[in-house]
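Undergrad: build me a structure from this.
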Amino acid sequence: MKKVLYSTTALAAAGMFAFSGADAQAADPVKLSLGGFFIYGAGVSDSESKLHKTQGSTNMWTDSEIYFRGNTTLDNGVRFDVIVQLEADDVNDGATIDESYLKVGNLKQWGEFRLGTTKSAHFLFRAFGPHVSTISNATNHQQSATFVPSTTPLKGAGTFLSHEGGADRMLAMYVTPNLNGFQGGVSFTPSQTNTDSPPQTKGMDATEADNVSIGANYKGKFGDAGVGISGGYTTVGGRGNNVEYNTIQAGMNVSIAGFSIGGHWAERKDDTPMSKVDDREGWMAGVGYKTGPWNVALTWLNTTDDVTAAPGEVEHNQYSLGMTYSLGAGVTVGASVFTIDLEDETYVPEGPGPDNDIAQTDDNTPALGGNDNEGWGMLAGIRVNF
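TA: Prediction:
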């Protein structure tokens with residue numbers, strides 16, 4: 001579907017976008033472009049846990065967003081972009097605005113500022129190993145958790161590697177121009193609350209925290225070979241006994257003649273006194289091959305989460321083999337298979353329960369080790385970009 005453009009005459013009536021200046025008028029009027037995507041997927045799975053025994057599952061899901069973009073370039077070379085993303089599949093709240101921010105600057109000369117609700121610099125400049133995520137996301141456990149029962153703590157650890165720094169919060173960011181393949185940025189977020197009104201900052205609310213995030217990467221081509229390297233750091237600080245932690249990430253990928261290999265690592269350390277509940281670590285590695293409309297990748301993902309002060313960690317291993325095929329005109333079909341293995345933080349081996357399978361407490365309730373789970377699943381779907 002072609003993008004639809006509207007003139008500023010229509011937009012001004014709604015009061016959406018207006019730029020004016022006595023000394024620097026826009027060379028072209030502001031235009032609004034529409035874009036986005038729609039994904040439909042379905043899958044089946046089977047799992048076996050100490051708590052749930054054998055359990056099969058069939059599920060379906062959709063994921064769709066609509067993008068509204070307006071831009072203009074003034075005669076002095078400064079470009080303004082307004083980006084608003086509408087998330088259409090929030091089952092709890094209905095359609096919601098996902099991101100809403102302004103870009104101001106000139107990336108070819110001195111860089112640009114991003115102001116509003118968007119993702120941090122740490123998230124923006126990451127390099128990952130090969131993965132196929134057109135239909136399902138091979139860099140987190142969120143998709144597999146749709147089919148295979150898992151504990152609430154797992155979901156925090158499971159999305160850590162791909163979502164850390166990816167929450168859409170009110171922030172200010174500076175992005176450098178691309179200098180011979182090198183580019184970076186720094187962002188400041190005054191509050192962890194996503195709101196378009198002045199939030200309670202950590203100086204006013206003991207439950208709030210701010211963060212400073214730095215990210216950088218290098219992307220280069222050497223003949224038929226390509227390389228990407230990334231690094232990032234985020235520090236989150238609160239007030240009093242509020243959560244304080246630091247996150248560091250690094251990644252690399254190399255490609256040649258359609259083949260690619262690479263990986264990514266991230267670690268969060270809890271700096272709150274006498275606490276480690278925010279300690280998390282994630283690893284991923286993958287190999288892939290692209291040729292024409294085909295894309296295939298095998299990805300390994302491992303995440304751990306301390307969850308509580310108790311000894312041990314929640315650990316999740318996942319292997320995904322995914323393939324996509326582009327039909328053209330923005331339409332892509334895909335399929336993947338995955339296996340998962342979850343080990344609970346407070347693992348309890350098989351013990352003397354009534355069924356001699358789950359360790360039990362004195363009142364015959366299963367111990368937390370019963371949340372251990374392993375399983376597999378198969379997914380297929382279609383994605384349409386517009």
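
Undergrad: might you list the low-confidence residue ranges for the protein?
TA: 1-28, 50-54, 90-94, 136-160, 162-163, 193-207, 238-243, 272-278, 307-312, 345-371 (pLDDT under 70).

Undergrad: regarding Ile248, what are the backbone dihedral angles?
TA: phi -130, psi 140 (degrees, to the nearest 10).

Undergrad: so who does the nearest residue to it once chain neighbours are set aside touch?
TA: Counting by CB to CB, 6 or more residues apart in numbering, Tyr233 is the residue found nearest to Ile248 once chain neighbours are left out, at 5.3 Å. C-beta coordinates here come from the backbone N, C-alpha and C atoms, glycine included. Listed by CB atoms under 8 Å, 6 or more residues apart in numbering, the contact set of Tyr233 reads His122, Ser213, Ile214, Gly215, Asn246, Thr247, Ile248, Gln249.

Undergrad: among these, which are located in strands?
TA: Within the contacts of Tyr233, residues falling in strands by DSSP state E are Ser213, Ile214, Gly215, Asn246, Thr247, Ile248, Gln249.

Undergrad: who does the fifth one form a beta bridge with?
TA: Here Thr247 sits in beta bridges with Thr234, Arg268, going by DSSP bridges.

Undergrad: ok, it touching Asp270?
TA: No. Applying CB atoms under 8 Å as the test, Thr247 and Asp270 come out as separate, 10.5 Å apart.

Undergrad: ok, those two, which is more surrounded?
TA: Taking other CB atoms under 10 Å, Thr247 and Asp270 do not tie; Thr247 has more neighbours (22 against 17).

Undergrad: Gly223 versus the more buried one, what's the distance?
TA: 35 Å (CB to CB, to the nearest Å).

Undergrad: rewinding a little: pick out whichever of the ones in strands among the contacts of Tyr233 sits closest to Ala95.
TA: Ser213 (28.2 Å; CB to CB).

Undergrad: distance check, that closest one against Gly56.
TA: 42 Å.

Undergrad: who has more neighbours out of those two?
TA: For Ser213 versus Gly56, neighbours defined as other CB under 10 Å are more numerous around Ser213 (26 against 10).

Undergrad: do a quick rundown of the strands in the stretch 201-350 of the chain.
TA: Assigned by DSSP state E, counting those that start in this stretch, the stretch 201-350 of the chain shows strands spanning 209-222, 225-238, 245-256, 259-270, 280-291, 294-305, 314-328, 331-343.

Undergrad: number of residues surrounding Gly292?
TA: Neighbour tally, Gly292, other CB under 10 Å: 8.

Undergrad: in its sheet, what does the longest strand anywhere in the chain sit against?
TA: As assigned by DSSP E, the longest strand anywhere in the chain is strand 53-73. If you go by DSSP bridges, strand 53-73 pairs up with strand 31-49 (antiparallel), strand 79-87 (antiparallel).

Undergrad: okay, those strands in CSV with distance to Asn178 next?
TA: Output for those, formatted as CSV (distance: least, CB to CB, whole Å):
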stretch, distance to Asn178
strand 31-49, 23
strand 79-87, 15
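
Undergrad: same list (these) but as JSON lines, adding mean neighbour count and distance to Ala329.
TA: Formatted as JSON lines, the strands paired with strand 53-73 follow (neighbours: other CB atoms under 10 Å; distance: least, CB to CB, whole Å):
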{"stretch": "strand 31-49", "mean neighbour count": "17", "distance to Ala329": "13"}
{"stretch": "strand 79-87", "mean neighbour count": "18", "distance to Ala329": "22"}
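
Undergrad: by contact count, what packs against the helix or strand hosting Ser100?
TA: Secondary structure from DSSP states H and E places Ser100 in strand 96-106. Applying 3 or more CB pairs under 8 Å, 6 or more residues apart in numbering; DSSP states H and E, one finds that strand 96-106 contacts strand 79-87, strand 111-118.

Undergrad: pairing partners for that strand, with directions?
TA: Short version: by DSSP bridges, strand 96-106 pairs with strand 79-87 (antiparallel), strand 111-118 (antiparallel).

Undergrad: those: which one's closest to Leu321?
TA: Here strand 79-87 is closest among these (CB to CB), at 28.7 Å.

Undergrad: just the CA trace of that closest one, in CSV.
TA: Taking C-alpha atoms only, strand 79-87 is exported to CSV below (Å, rounded to 0.1, in the frame of the first residue of the first chain):
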residue,chain,number,x,y,z
ARG,A,79,14.9,19.2,9.7
PHE,A,80,11.9,18.6,12.0
ASP,A,81,10.2,15.2,12.2
VAL,A,82,7.2,14.3,14.3
ILE,A,83,6.6,10.6,14.9
VAL,A,84,3.5,9.2,16.6
GLN,A,85,2.9,5.4,16.8
LEU,A,86,-0.5,3.9,17.6
GLU,A,87,-0.4,0.5,19.2
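
Undergrad: which residues does it contact?
TA: Contacts of strand 79-87 (CB under 8 Å, 6+ apart): 17, 19, 30, 36, 65-74, 95-106, 112, 118.

Undergrad: quick revisit: so can I have TSV of the strands of the stretch 201-350 of the chain showing distance to Ser187?
TA: Output for these, formatted as TSV (distance: least, CB to CB, whole Å):
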stretch	distance to Ser187
strand 209-222	5
strand 225-238	9
strand 245-256	13
strand 259-270	17
strand 280-291	20
strand 294-305	24
strand 314-328	29
strand 331-343	31
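
Undergrad: could you give the bridge partners of His316?
TA: According to DSSP bridges, beta-bridge pairing links His316 with Thr303, Leu342.

Undergrad: that's all I had, so thanks and see you.
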